[in-house]
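Student: sequence first, then the predicted structure:
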Amino acid sequence: MKTLLKILSYLALAGTIVPSIMVFMEKMDIDTNKNIMTVSMVLWFITAPFWVNKKAEETIL
Amino acid sequence: MRKKGIVGHLESVNEYEREPIPQSKLKGLKSFIGMYAGEHTAGTEFVIGPLFVAHGVTAFDLVFGLLIGNILAVLSWALMTAPIAVKTRLTMYYQLEKIVGRSLVKFYNVVNGIMFTFLAGSMIAVSATAVGIPFGLTMPSLHDMLPNSLGWIVAVFAIGAITTVVAMFGYQQVSKFANVAAPWMILIFFAAAIAVLPDMGVKSVSDFWSVANEKIWTGIPLEGQSKFTIWHIIFFAWFVNMAMHIGMSDLSIFRYAKKWEYGFSPATGMFIGHYFAWLASGILYALFLQQSNNSTEFAPGVVAYNAAGIAGAVCVIIAGWTTANPTIYRAGLALQSVAPKWKTWKVTLVTGLITTLAACFPALVMRLLDFVAIYGFLLMPMGAVIFIDFYVLKKLGLKSDFAEKAGLNFNYAAGWAWILTLAVGLFLNQGMGMEIFFVGLPGWFIASVIYIIASKYYQSKVVFKTVSS
């Protein structure tokens, strides 16, 4: 389950940056990019909290 | 359950507050790299990058100025802060108390707390520029120093109230949320900047430098803004965290480091947050200026929304909120030293109210560069005192940790070093016209020299008094 969540989180990060690169390469319009970024944001915030803070516990203070 | 969380958090913070960190509690390099990368990609980055554009810096000055300034900042952490931290393994506050005495540390805490309060206020204002978008809020302009509408005050108070209540009851949860948000926020900065490059006229990588010079960092300041040179950029990048490195407040962080070399770890924060994120937010602001025909409106939320849509606006809200929240909490803890009998939540409530009132004034955002420079300069002299006390005093036959050894509550040598340095800084700034960004460097040497001379006089006087009485 955790592995699946991690894969979805990484897909969300990819969905944040890759479409912007495609806009730069003129292979996508900016409005589509904005929509994908919004969907990716939602995906990140519903999947990442389940595994990111495991690392956070090891941080300082 | 929430109260338990807060108690647990406070206990963890207070752990080893007055004793060296034991060997078993030391942390690995990864912890420091992650912490600095996250901490320095925050709400302020949405303001600083655009302000560089507004101040008419050139592309060359910015790119090379940031490179030099950030390297100097990393070296300050690595060569000044971390070596002392791994030898003493004490918090900055306890180290300072041993040198300057409890009363002077309290005074330092009050100044620190007030600065934290204003910093948090600027972040609430930044968040308000994003929250106000769906309500058609009239955004402040670069020249606004006072609240420009009732709607602005309402938006600021709404965010301030939420932030304060969360700081009172849920600091731990916000800290966890900030950890979750950090990687995504970093990518939003980059993604938004990359996506708007074609609109700026960059069709291929080879176009970037010419467009950067002609359309982004043009070298021409906006109306009413002073002109920034490479020296402004170098000194700003170096001293933006002056309180933390030269000012020594990150002794509290590096006391956990296994080796002093971990002092190079802030490089992640400097080069992700204070380099690429500042460049990225500058690009977004340049596009906004282009599309709005050089509007003087200055609203990071609107700028991010135009470039990245809802994700951009949410990024500004989260970046502002996750910076403001712990800052209000830290301000509360710092100010609590004045009223130790007050409950933490009460101090945080009062701090949050002051923060919210301050956030109503857009001046906090528009003059953020000056504010950050003043903040660093105000606290820096105590860092110079710690440095000299640790490395120099013994070599001159003087006592280090003098307040502890002589049983003093107020080491006047350190007090003079602080006050006189600030007075000289004020004179250099107001009397000689030296900009605040440049006062920190001579200030450090002035503080060091005054502390040495004053210690020589004061220590002999205290010893003389002790002997004669």
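Tutor: It's in. If you're wondering where the values come from, they're calculated on a predicted model, not measured in any experiment.

Student: element containing the residue of chain A found nearest chain B?
Tutor: Nearest to chain B, among the residues of chain A, is residue A:34, at 3.0 Å (C-beta to the nearest C-beta). For glycine as for every other residue, the C-beta is placed from the backbone atoms N, C-alpha and C. Element membership of residue A:34, judged by DSSP states H and E, is helix A:30-47.

Student: output that helix as PDB, nothing but the C-alphas.
Tutor: Output in PDB follows, covering the C-alpha atoms of helix A:30-47 (Å, rounded to 0.1, in the frame of the first residue of the first chain):
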ATOM      1  CA  ILE A  30      -0.500  26.700 -20.600                       C
ATOM      2  CA  ASP A  31      -4.100  26.300 -19.500                       C
ATOM      3  CA  THR A  32      -3.900  22.500 -19.800                       C
ATOM      4  CA  ASN A  33      -0.700  22.700 -17.800                       C
ATOM      5  CA  LYS A  34      -2.400  24.700 -15.100                       C
ATOM      6  CA  ASN A  35      -5.200  22.100 -14.900                       C
ATOM      7  CA  ILE A  36      -2.700  19.200 -14.700                       C
ATOM      8  CA  MET A  37      -0.800  21.100 -12.000                       C
ATOM      9  CA  THR A  38      -4.000  21.400  -9.900                       C
ATOM     10  CA  VAL A  39      -4.800  17.700 -10.200                       C
ATOM     11  CA  SER A  40      -1.200  16.900  -9.400                       C
ATOM     12  CA  MET A  41      -1.400  19.100  -6.300                       C
ATOM     13  CA  VAL A  42      -4.500  17.300  -5.000                       C
ATOM     14  CA  LEU A  43      -2.900  13.900  -5.700                       C
ATOM     15  CA  TRP A  44       0.300  15.000  -3.900                       C
ATOM     16  CA  PHE A  45      -1.500  16.200  -0.800                       C
ATOM     17  CA  ILE A  46      -3.700  13.100  -0.500                       C
ATOM     18  CA  THR A  47      -0.800  10.600  -0.900                       C
END
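
Student: apart from its neighbours in sequence, what residue is nearest the residue of chain A closest to chain B?
Tutor: The shortest distance from residue A:34 to any non-neighbouring residue, by C-beta to C-beta, 6 or more residues apart in numbering or on different chains, is to residue B:309 (3.0 Å).

Student: on that earlier part again, against which helices or strands is the helix holding residue A:34 packed?
Tutor: With contacts taken as 3 or more C-beta pairs under 8 Å, 6 or more residues apart in numbering or on different chains; DSSP states H and E, helix A:30-47 sits against helix A:2-24, helix B:171-200, helix B:300-336.

Student: how big is the angle separating it from helix B:171-200?
Tutor: Interaxial angle of helix A:30-47 relative to helix B:171-200 (axes from the mean of the first three to the mean of the last three C-alpha atoms, to 10 degrees): 160 degrees.

Student: contacting residues around the residue nearest to residue A:34?
Tutor: Residue B:309 makes contacts with A:31, A:34-35, A:37-38, as judged by C-beta atoms under 8 Å, 6 or more residues apart in numbering or on different chains.

Student: what's near enough to touch the closest residue to residue B:362 other than its chain neighbours?
Tutor: Once flanking residues are discounted, residue B:362 sits nearest to residue B:140: 3.6 Å by C-beta to C-beta, 6+ apart. When contacts are counted by C-beta under 8 Å, 6+ apart, residue B:140 touches B:125, B:129, B:148, B:152, B:297-299, B:362, B:365-366.

Student: pull out the buried positions in the helix holding residue A:34.
Tutor: Neighbour-count burial for helix A:30-47 flags A:30, A:33-34, A:36-38, A:40-41, A:43-45, A:47 (criterion: 16 or more other C-beta atoms under 10 Å in any protein chain shown).

Student: who's in contact with residue B:377?
Tutor: Applying C-beta under 8 Å, 6+ apart, the residues contacting residue B:377 are B:239, B:242, B:422, B:425, B:436, B:439-440, B:443.

Student: so where do the strands sit in the stretch 201-350 of chain B?
Tutor: Using DSSP state E, counting those that start in this stretch, no strands are assigned anywhere in the stretch 201-350 of chain B.

Student: which parts of it sit against chain A?
Tutor: For the stretch 201-350 of chain B, the residues in contact with chain A (C-beta under 8 Å from any C-beta of the partner chain) are B:202-203, B:252-253, B:256, B:308-312, B:314.

Student: from the residues you listed, which would you call buried?
Tutor: B:202, B:252-253, B:256, B:308-312, B:314.

Student: how many neighbours does residue B:40 have?
Tutor: Other residues lying near residue B:40 total 22 when counted by other C-beta atoms under 10 Å in any protein chain shown.

Student: my read: it touches residue B:267, true?
Tutor: No - the criterion here is C-beta atoms under 8 Å, and residue B:40 misses it with residue B:267 at 10.3 Å.

Student: can you lay out the helices and strands packed on helix A:30-47 as CSV showing mean pLDDT?
Tutor: Shown next, in CSV, are these (pLDDT from 0 to 100):
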stretch, mean pLDDT
helix A:2-24, 94
helix B:171-200, 86
helix B:300-336, 85
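
Student: nearest to residue B:99, out of these?
Tutor: Closest to residue B:99 of the helices and strands packed on helix A:30-47, according to C-beta to C-beta: helix B:300-336, at 18.2 Å.

Student: what parts of chain A come near chain B?
Tutor: Contact residues, chain A versus chain B (C-beta under 8 Å from any C-beta): A:12-13, A:16-17, A:19-21, A:23-24, A:26, A:30-31, A:33-35, A:37-38, A:40-41, A:44-45, A:48-49, A:52-53, A:55-56, A:58-61.

Student: buried stuff in the helix or strand harbouring residue B:168?
Tutor: For residue B:168, the element it lies in under DSSP H and E is helix B:150-169. Buried positions in helix B:150-169, judged by neighbour count with 16+ other C-beta under 10 Å: B:151-153, B:155-160, B:162-164, B:166-169.

Student: again, but for stretch A:16-29
Tutor: Result for stretch A:16-29 [16+ other C-beta under 10 Å]: buried residues A:16-20, A:22-24, A:28.

Student: return stretch B:72-80 as CSV; C-alpha atoms alone will do.
Tutor: This file holds the C-alpha atoms of stretch B:72-80, laid out as CSV (Å, rounded to 0.1, in the frame of the first residue of the first chain):
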residue,chain,number,x,y,z
LEU,B,72,29.7,33.4,1.5
ALA,B,73,26.6,32.5,3.4
VAL,B,74,27.4,28.8,3.3
LEU,B,75,31.0,29.5,4.3
SER,B,76,29.7,31.6,7.3
TRP,B,77,27.7,28.6,8.5
ALA,B,78,30.5,26.2,7.9
LEU,B,79,33.5,28.1,9.2
MET,B,80,31.9,30.2,11.9
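
Student: report the buried residues of it.
Tutor: Neighbour counts using 16+ other C-beta under 10 Å place B:72-74, B:76-78, B:80 of stretch B:72-80 among the buried residues.

Student: just give me how far that stretch sits from the chain centre.
Tutor: How far stretch B:72-80 lies from its chain's middle: 16 Å, per C-alpha atoms, centre = their mean, to the nearest Å.

Student: what about residue B:24, distance to residue B:265?
Tutor: Using C-beta to C-beta, to the nearest Å, residue B:24 is found at 21 Å from residue B:265.
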